[in-house]
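Student: Provided below for reference: sequence and predicted model.
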Amino acid sequence: MISGNILNNVASRDIISYNTIMKVSFTGPQSSGKTTLMEQLSHLPNYRKWSFVREVTRKVKRAGNEINDHATNLNKTQLLILSEHLNNHQIKGNHFLDRCILDGYIYTKYFFEEGKVDQHVYDHSVYLLNMLLPTLDLVLYPDPNEVKLEDDGTRSTNHRFRDRIIELYADYFENGPDGSDTRINQPLPKIVVLQGTVADRMDIILEHINHDKARQLAYN
């Protein structure tokens, strides 16, 4: 379990200019509250001009590909998902991603452990992680331990699957480049754990975005 001390508290939420560019992504296991928070943010006046990039896995599923842990071979699926992450990380301007390349890497690692993707697919996820992770300014991790796993008709409801994904995130946040795969050579981006009610989580997001925006302006 990731402790809340990863949170970097800020003293205030000042009204600031939005001229600098910021790339923010959610990350985490299924059923952790990412979609709810994306929807809330999309209705706020300050973010009406931001791009909101949703649906990576669902898009691949609609194209007729098997997803989640029940499939026996996920080579094609994971390569398509990694390709979607590559495309999403090229988006210009201020934007929120509901998932990023860190998700692509974590899930590919899980499926590699389970023998459902080949070595070359896992290697590709490591390559893209090193390339794309530095493009993000802020990564938001809603604490999955506070959210009940629910069936939405698409996500897996396998608790063992979800629990192992949570463990892989925890290991990555703790160890980063010093973890089990020494080929990961990029430092961790700024990771913020979101805890509490939806309102609490929204407050944390807005505080960190405003703080980072102000910091960017100060150095420009």
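Tutor: In hand now; what should we look at?

Student: Report the contact partners of Tyr107.
Tutor: For Tyr107, the contact set (C-beta atoms under 8 Å, 6 or more residues apart in numbering) comprises Gln78, Ile81, Ile165. For every residue, glycine as well, the C-beta is placed using N, CA and C.

Student: I'd say the first one and Thr108 touch.
Tutor: The reference is to Gln78. Yes. Under the criterion of C-beta atoms under 8 Å, Gln78 makes contact with Thr108 at 5.0 Å.

Student: list residues touching both of these two?
Tutor: Residues touching both Gln78 and Thr108 (C-beta under 8 Å, 6+ apart): Val117, Val121, Ser125.

Student: how deep is the second one tucked in, by neighbour count?
Tutor: Translated: Val121. Close neighbours of Val121, defined as other C-beta atoms under 10 Å, add up to 19.

Student: give me the element it is part of.
Tutor: helix 119-132 (DSSP states H and E).

Student: So what touches that helix?
Tutor: Under the criterion C-beta under 8 Å, 6+ apart, residues 75, 78-79, 82, 85-86, 89, 100-102, 104-105, 108-109, 112, 181, 183-186 lie in contact with helix 119-132.

Student: Let me see the backbone angles for Leu140.
Tutor: phi -110, psi 120 (degrees, to the nearest 10).

Student: and it, how far is that from His95?
Tutor: To His95, Leu140 is 13 Å away according to C-beta to C-beta, to the nearest Å.

Student: And the residue positioned nearest the centre of the chain, what's its pLDDT?
Tutor: Nearest residue to the geometric centre of the chain (C-alpha atoms, centre = their mean): Thr27, 1.9 Å. Looking at Thr27, its pLDDT reads 95.

Student: Tell me which helix or strand comes right after the least confident helix or strand in the chain by mean pLDDT.
Tutor: Lowest on mean pLDDT, DSSP states H and E among the helices and strands of the chain sits helix 57-62, with a mean of 67. Using DSSP H and E, the helix or strand that follows helix 57-62 towards the C-terminus is helix 75-88.

Student: Report all helices and strands that that next one contacts.
Tutor: Contacts defined by 3 or more C-beta pairs under 8 Å, 6 or more residues apart in numbering; DSSP states H and E place helix 75-88 against helix 57-62, helix 101-113, helix 119-132.

Student: go again using 6 Å as the cut-off
Tutor: Under the contact definition 3 or more C-beta pairs under 6 Å, 6 or more residues apart in numbering; DSSP states H and E, helix 75-88 sits against helix 101-113, helix 119-132.

Student: could you dump that helix to CSV, C-alpha only?
Tutor: In CSV, the C-alpha atoms belonging to helix 75-88 read as follows (Å, rounded to 0.1, in the frame of the first residue of the first chain):
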residue,chain,number,x,y,z
ASN,A,75,0.5,-9.9,-27.5
LYS,A,76,-1.6,-8.1,-30.1
THR,A,77,-3.8,-6.4,-27.5
GLN,A,78,-0.8,-5.0,-25.5
LEU,A,79,1.0,-3.8,-28.6
LEU,A,80,-2.1,-2.0,-29.7
ILE,A,81,-2.6,-0.5,-26.2
LEU,A,82,1.1,0.6,-26.1
SER,A,83,0.6,2.2,-29.5
GLU,A,84,-2.4,4.2,-28.2
HIS,A,85,-0.2,5.4,-25.3
LEU,A,86,2.5,6.5,-27.8
ASN,A,87,-0.1,8.5,-29.7
ASN,A,88,-1.6,10.0,-26.6
